[in-house]
Every structure is written in structure tokens, then in C-alpha cells.
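>>> Predicted coordinates and the sequence they were generated for:
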Amino acid sequence: MSGLSPATIAARDPGRAAVIIDDDRLSYADLDQQSAHAAARLHALGLQPRDTVALLLNNSPAFFAAAWAAQRSGLYYLPLPAKATVPELAYLLADSGARALITDPPHQTIAATAAAGLPLTILSLADALAPTTAPPAPALEGGDMLYTSGSTGRPKGVKRALTLAPLGSEARRVERARLLFGLDDGSIFLTPAPLYHAAPLRFAMNLLRVGGTVIGMAKFDAAQALALIETHRVTHSQWVPTMFVRLLALNPRPAHDLSSHIRAIHGAAPCPPHVKRAMIDWWGPILHEYYSGTESVGFTHATSAEWLARPGTAGRAHGCKIHILDDAGQELPPGQTGMVYFSGSGGLAYHNAPEKTAAAHNAQGWATMGDIGHVDADGYLYLTDRRAFTIISGGVNIYPREIEDALMAQPGVADCAVFGVPDDDLGEAVQALVQLEPGMPQDTPGLLAALAALLSPPKRPRWLAFVAQLPRTETGKLDKATLKRDWAARPDRGHCARALKAAA
């Protein structure tokens with residue numbers, strides 16, 4: 001493939017819609033021109049290929065013009081979380097070494113505060129995209145720089161080594177999207193998530209290489225998302241499981257024409273089996289699940305048919321090979337659980353963190369994203385949990401996801417979190433937090449009895465507490481690191497299963 005860029009589409013079909021978010025529309029001609037202006041302006045400021053420009057922007061079509069300014073001129077672009085605090089932003093700007101920061105009016109004050117004392121130039125979004133007489137920037141492929149949310153510690157920066165190939169020559173992800181999901185120039189792609197996250201950003205940026213139309217949302221709303229599918233005749237969409245839960249909770253369910261919708265792609269966090277079954281029952285077998293990460297060390301994929309035949313699978317490897325290793329680093333046969341490693345998908349290097357890079361690789365150079373799981377005899381991957389959240393109770397390894405799936409299957413449970421807390425006897429004990437649907441009673445004995453029928457004794461929660469709201473990111477991931485820290489020191493951890501049993 002060649003010529004894979006908005007510039008090619010603009011030359012062929014300048015009026016084609018590139019991005020639509022609410023009432024704001026950007027054509028391919030606008031996307032090409034505005035990104036070219038911003039690229040020239042950045043290089044006039046002295047940024048050179050492989051330098052980094054940070055973006056602190058809300059979801060808008062102009063977000064893509066700013067991102068493509070870097071992508072088309074050999075720069076890295078770093079999307080910053082739109083809701084981050086000053087200390088969080090200051091860390092990301094300093095650690096990344098960003099030389100410029102493009103921001104919109106809602107973020108101008110916090111951007112200036114976070115960047116104080118750093119050697120970078122702040123540009124307003126309007127100034128960055130405005131016409132300029134500066135010479136054109138070199139037409140070289142740049143790339144994204146993204147920070148992982150991380151299970152523990154501060155976020156880690158991930159950026160691929162840039163080859164500075166000619167603009168339009170990046171084909172790997174475009175081809176994968178075409179083969180697995182059918183994304184092409186005729187696709188109308190709904191991405192309702194914040195654009196600073198890896199998956200919505202990368203899927204959308206690559207669709208803009210081939211001429212598809214990206215439909216975004218300033219903020220996710222379940223009912224509005226369904227309306228957008230009908231209004232724009234959306235063909236493809238991307239979701240996280242929390243969005244599915246909110247869609248299923250709509251009552252009454254809006255009656256929209258979803259007949260154009262042929263692929264619903266989801267990932268980023270585990271999807272409870274009963275939620276996925278309910279979505280397939282509603283939308284039909286159009287769900288496509290993938291497992292990957294910011295690090296891009298591996299990729300798996302499962303169609304609805306594959307998942308229904310093998311409930312819980314994250315699919316088979318695409319463009320890489322899966323290896324399951326035990327604690328000694330030995331490869332395990334199908335059916336046995338261990339650390340999930342990948343080979344054949346390119347190198348991983350964490351920015352400014354050689355020790356973390358080394359810890360993510362084994363002696364063969366295979367890389368891991370820190371997950372535990374197994375493969376079956378046909379090569380389908382099943383994820384158990386994050387290594388950082390494995391509970392070791394009385395010498396037994398307990399994986400929270402299995403307990404969370406059992407809890408989520410219970411009537412009235414809206415959300416839950418399971419993790420380990422210190423225990424003088426067992427080392428760690430299983431702590432469960434449950435968020436109930438509105439109006440549901442706190443039936444602790446009933447809930448524990450239901451779990452007892454599904455889980456062996458070591459897996460049953462010792463402590464169970466009800467909470468009004470669990471902390472989840474906009475990609476649906478639980479903030480378990482904070483929960484573990486906060487609940488480790490609490491004298492009151494809710495209902496003690498042993499005490500309830502003794503009193504019965």
C-alpha cells in the first residue's frame with residue numbers, strides 16, 4: 001500500500017466528511033490543510049523529526065488536525081488526559097520531553113500552570129491550525145506517544161521507534177483493521193470514547209488514512225450513541241464493556257434503526273459474559289472482541305461466533321504468537337495458566353524506564369503486558385487477570401476476575417471489584433466491593449450463598465462491602481490500585497463471611 005494519508009483522500013475527494021462530532025464537521029480538505037499549517041508552524045518553532053508535541057484537547061474534529069500535524073511531519077504526538085490534574089500533567093510533560101503543547105480554551109489555564117518552568121512552547125488550537133507562511137514541514141511518518149495507566153506506580157510512556165518513512169507508507173494497522181474488521185473507505189465509524197485513549201485514537205487515525213468517516217462524541221451518552229448509529233448510518237463502532245452496561249440499562253430501550261451497523265468492536269477491559277451475551281442477543285453476532293494494549297506487543301481477535309463457541313475467550317493471535325510461561329520462565333502447554341507473553345509483533349521500550357522495559361521481557365525477547373491466562377488446544381486465549389492483582393491467600397493463587405464474573409451474574413449487581421487485603425492468618429484475604437442497581441436491597445447472606453454455589457472455598461470473599469460507586473476510567477478499567485491501597489488500611493471492610501456463617 002502507498003499514499004495512505006488524509007492528503008491523498010483530499011486530493012481525490014476534498015469534500016468527503018473526515019470527522020463529525022456533534023454539529024462540528026471536518027472535510028478531508030480541511031483536515032489536510034489545517035494539519036499542514038500546524039505541521040509547518042511546529043517546525044518553524046524549531047521542532048525536528050522525532051520531537052514530541054503534546055495535545056491537551058477535548059474531543060473535537062480539530063483534535064485530529066492537531067494529531068495529523070505531528071503524524072505527517074515526523075513528530076510524536078502525546079494526547080494528554082483531558083481531566084488530568086496539574087501534577088499529573090506536569091509529570092507527563094516533563095517525562096515526555098515535549099517541546100510544544102497545543103491546547104483548547106477550556107484547558108488554557110491548567111496547561112499554563114502544568115507547563116510552568118518547562119522548556120516548551122504553548123500554542124492555542126486556533127493559532128496552531130491557522131494558515132501560515134512558514135515553509136512546509138517534511139512529509140515523514142510520525143507516530144503516537146501514549147502513557148499506560150499502569151497497575152502500580154506512575155504511568156509509563158510508550159512510543160515506537162520512528163523510521164521517518166515517507167508519509168503514507170504506514171500500512172500494518174490499516175491492513176489489520178481491513179482484514180479483521182472490514183474497515184475501509186466506505187466505513188462510517190462511531191468512536192464514543194475520549195480520543196486521548198489508545199484504542200479510539202489509533203482506530204480513528206488509521207481509518208482517516210483510507211477515507212472513512214469518523215463519528216465522535218463530546219461525551220458518551222448511551223441513548224445518543226444509538227441515535228448517531230441511525231442518523232449517520234454507522235457501519236462500525238468501538239466500545240468498552242461499561243458502555244454496553246449503560247446501553248443495556250436504557251429503559252425503555254430507544255427504537256432506532258441499527259440495520260447499517262455491521263461490526264461492534266470492543267476491548268480495553270474484560271466484558272462480563274452475561275453482558276456480552278445480552279449485547280449479541282440485541283445486536284446480533286456483530287461483536288468483535290480484541291485484546292491488545294498501549295504497548296502493542298500482541299493482538300488477539302474473536303468474532304461473536306468464536307466467542308459463543310468458546311465463552312470467555314479473547315480470541316486467537318493475529319500477527320504474533322502467544323506463549324504462556326510459568327514463574328520459572330518455562331513455556332506451558334495448552335490448558336495451563338501462566339503469564340501471557342507475545343513474540344513476533346515488534347519491540348517494546350518504555351520511555352525513560354529501562355528497568356521496566358527489561359521486566360516486561362524474558363530471555364527470548366518475548367514481551368508481556370502483565371496479564372495471566374491460558375490457551376486451549378486450538379490456540380484461543382483466555383485471560384484470568386492482571387499479575388499485579390493476583391491474590392495469594394494461604395499459598396493459593398486466586399484470580400479476581402473469576403470472582404467478579406460470578407458477582408456480575410447476580411441479579412441487582414451493577415458493578416463490582418475484587419482484590420486482596422492484608423490478613424494475619426492467610427497473608428491476603430479476598431475483599432469484594434459491590435455496587436448495586438438503584439433500589440436493590442443489600443442482601444449479603446443471599447449474595448454470599450450464591451457465590452458459594454459457584455466458587456470453591458478459597459475464592460469466596462472473606463469481606464464484602466457495598467459502595468455507592470466504583471472508580472472506573474473512561475475506558476472501563478477499575479482503578480484497583482487505589483482501591484487496594486485505600487481498603488488495606490480500613491478497619492471496617494464490610495461484612496465478614498466467617499462471622500455471618502458463625503452467627504447462622
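Perfect, I can see it now.
>>> Tell me where the model's unsure across the protein.
Within the chain, the segments meeting pLDDT under 70 span 1-2, 149-153, 346, 395, 474-475, 497-504.
>>> Mind doing that once more with 50?
Applying pLDDT under 50 to the chain picks out residues 1, 151.
>>> what does the domain assignment say about it?
Each domain of the chain is listed here as a residue range: 28-166, 319-387, 390-503, per automatic domain parsing.
>>> Pull up the distance across the second one, start to finish.
To tie it back to what came earlier, the one meant is domain 319-387. One end of domain 319-387 to the other measures 24 Å (CA to CA, to the nearest Å).
>>> That one: how far from the chain's middle?
19 Å (CA atoms, centre = their mean, to the nearest Å).
>>> go on, stretch 197-210?
12 Å.
>>> Can you show me the helices along the stretch 1-150 of the chain?
Assigned by DSSP state H, counting those that start in this stretch, the helices in the stretch 1-150 of the chain fall at 6-12, 28-44, 61-71, 86-96, 108-114, 125-129.
>>> whoops, I mixed them up, the stretch 151-300 of the chain
172-181, 198-207, 222-232, 241-248, 273-283.
>>> Let's have these in TSV, adding distance to C416 and mean neighbour count.
All C-beta spots, glycine's among them, are computed from the backbone N, C-alpha and C. Formatted as TSV, the helices of the stretch 151-300 of the chain follow (distance: least, CB to CB, whole Å; neighbours: other CB atoms under 10 Å):
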stretch	distance to C416	mean neighbour count
helix 172-181	30	17
helix 198-207	24	22
helix 222-232	20	17
helix 241-248	12	20
helix 273-283	12	16
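>>> As TSV, those with distance to A359 would be great.
Output for the helices of the stretch 151-300 of the chain, formatted as TSV (distance: least, CB to CB, whole Å):
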stretch	distance to A359
helix 172-181	26
helix 198-207	21
helix 222-232	39
helix 241-248	28
helix 273-283	32
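>>> Nearest to N58 among those helices would be which one?
helix 198-207 (13.6 Å; CB to CB).
>>> What helices and strands are in contact with the closest one?
If contacts are counted by 3 or more CB pairs under 8 Å, 6 or more residues apart in numbering; DSSP states H and E, helix 198-207 sits against helix 61-71, strand 143-148, helix 172-181, strand 188-191, strand 213-216, strand 236-239.
>>> Which strands and helices lie in contact with the fifth one?
Just to be clear, that refers to strand 213-216. Under the contact definition 3+ CB pairs under 8 Å, 6+ apart, strand 213-216 sits against strand 17-21, strand 188-191, helix 198-207, helix 222-232.
>>> Once you drop chain neighbours, what's closest to G298?
F342 (3.0 Å; CB to CB, 6 or more residues apart in numbering).
>>> Within the helices and strands, which one has that neighbour?
Following DSSP states H and E, one finds F342 within strand 338-343.
>>> who does that strand pair up with?
Partners of strand 338-343 in the sheet, by DSSP bridges, are strand 321-325 (antiparallel), strand 367-375 (antiparallel).
>>> what's that strand in contact with?
Residues from elsewhere that reach strand 338-343, judged by CB atoms under 8 Å, 6 or more residues apart in numbering: 297-298, 317, 320-327, 332, 362, 364-374, 381, 383, 387.
>>> Understood, closing this out.
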